[in-house]
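# Mind looking at a prediction? Sequence and model below.
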Amino acid sequence: MSRIGKKPVSFPKSVKITQSANEVKVEGPKGTLSSKVPEGITVTIGDGSLSVERKSNEIAMRSFHGLTRTLVENMVKGVTDGFEKKLEISGVGYRAELADKSLKLILGFSSPVQYEIPKGIEIKIDKQVNLVVSGMDKELVGRVASEIRALRKPEPYKGKGIKYAGEYIKRKAGKSASA
């Protein structure tokens, strides 16, 4: 039995979970999320909790068992609290600005980089160098944060670029003069 899959998912009264043939839909104060349920996995909705069970003991079913439970738990957390990732921009002259539904990043290139913000994502900027990417879909929040970071990854010599808050950049020594 999967250690993760056998745990029940508890949810507050403000969250409504419905199940169709092969889809679970979670509605809450922040919005609605849905996810497909793989064949052979059943979702049982009780009073204030939800359990995920599998029909067989095959390797694929065991994998899907824990995955499905985690996805449902993330949807419940997303529609109640939401998720966020924090990014930091470091470098002389590097900064970010919000313009309508796009993010304008000045990262030392010859022209500013425009990043279109997808639907369901909110970006807040603090002091032009701290970004907070937030939304209710954990996968989408992580993907957007990684796409923004990929625009200018931190380099190992001076640490200039975009990094996750709290990320450690291993520094390298630069060229040394020969005597």
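Cool, the structure landed. Note that the coordinates shown come from a computational prediction; the quantities given were computed from them, not determined experimentally.

# For the residue nearest the centre of the chain, which non-adjacent residue is spatially closest?
Against the mean C-alpha coordinate of the chain, by CA atoms, centre = their mean, the closest residue is G142 at 2.8 Å. Of all residues not flanking G142 in the chain, K85 sits nearest, at 6.4 Å (CB to CB, 6 or more residues apart in numbering). For glycine as for every other residue, the C-beta is placed from the backbone atoms N, C-alpha and C.

# check which helix or strand covers that neighbour.
strand 83-90 (DSSP states H and E).

# Counting by contacts, list what that strand packs against.
Other elements packing on strand 83-90 under the criterion 3 or more CB pairs under 8 Å, 6 or more residues apart in numbering; DSSP states H and E are strand 130-135, helix 138-150, strand 161-164.

# Summarise which helices and strands the helix or strand just after it is packed against.
Downstream of strand 83-90, the next assigned helix or strand under DSSP H and E is strand 95-99. Packing partners of strand 95-99 (3+ CB pairs under 8 Å, 6+ apart): strand 102-106, strand 121-126.

# Need the residues that contact the longest one.
Spelled out, it's strand 121-126. If you take CB atoms under 8 Å, 6 or more residues apart in numbering as the criterion, strand 121-126 is touched by 96-98, 103, 117, 131-135, 140-141, 144.

# let's see 7 Å
By CB atoms under 7 Å, 6 or more residues apart in numbering, the surrounding residues in contact with strand 121-126 are 96, 98, 103, 117, 131-135, 140-141, 144.
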